[in-house]
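# Following is a predicted model, sequence given first.
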Amino acid sequence: MLSPIIEEALNGQIKIEAQSSQIYLAMASWAEVLGFEGVAQFMYAHSDEERMHMLKLVKFINERGGHAKISALDAPPTEFGSFKEMFQELFKHEVKVSACINDLVDICLKEKDYATHNFLQWYVSEQIEEEALARNILDKIKLIGDDKGGFYLFDNDIKLLITTANKA
Ligand code: FEO
């Protein structure tokens, strides 16, 4: 059984994951309109992953006798400047999400809810992978600089990271 404090905290995380899914969907759409098919595919897949993160929380809360609440979301931006800026934004966002997961883990320890603590370990590992992936992409973008040919190759290469991300 979840305590009201844990239930509220997990419900807060549902919103964060849903919001992440929306932001990445907006990034996917923007990249697609610009004709970058690989980046768009990567971001669509990333958006789906965030929805999966949200659903895991919904199921867990309900299974543990709580009530998962689905709330309104803020509209994400429609334009993201450059790919460098977009991936910087993604990285910053993931660092924020990691901090939220850490706060949740902390609350679980204070509340002595070891079942939820155990459940959250999956998110802790996932955040390590997500931050590493975003950092890896940013490193590649820095190497490319303003080289248009480099971006064409990057758009192709990023498709390979979709399988890696989905396997994780
Ligand atoms: Fe579900 Fe990317 O954090």
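Structure's in. What do you need?
# For this protein, which segments count as helices?
Secondary structure of the chain by DSSP state H: the helices cover 4-33, 37-63, 83-111, 114-144, 148-167.
# Now distance to the ligand and mean pLDDT too, for these, in TSV please.
C-betas here are computed from N, CA, C, even on glycine. Supplementary listing: the helices of the chain in TSV, determined by distance: least, C-beta to the nearest ligand atom, whole Å; pLDDT from 0 to 100:
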stretch	distance to the ligand	mean pLDDT
helix 4-33	5	98
helix 37-63	4	97
helix 83-111	4	97
helix 114-144	5	96
helix 148-167	10	79
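# Look up how far Glu126 lies from the nearest residue to Gln127 once chain neighbours are set aside.
Of all residues not flanking Gln127 in the chain, Ser98 sits nearest, at 4.1 Å (C-beta to C-beta, 6 or more residues apart in numbering). Using C-beta to C-beta, to the nearest Å, we find Ser98 at a distance of 9 Å from Glu126.
# Please apply the same query to Gly66.
Distance check for Gly66 against Glu126: by C-beta to C-beta, it reads 21 Å.
# burial of Leu2, as a residue count?
A count of neighbours around Leu2, defined by other C-beta atoms under 10 Å, yields 22.
# contacting residues for it?
Contact analysis of Leu2 by C-beta atoms under 8 Å, 6 or more residues apart in numbering lists 10, 61, 64-66, 113, 116.
# Understood, closing this out.
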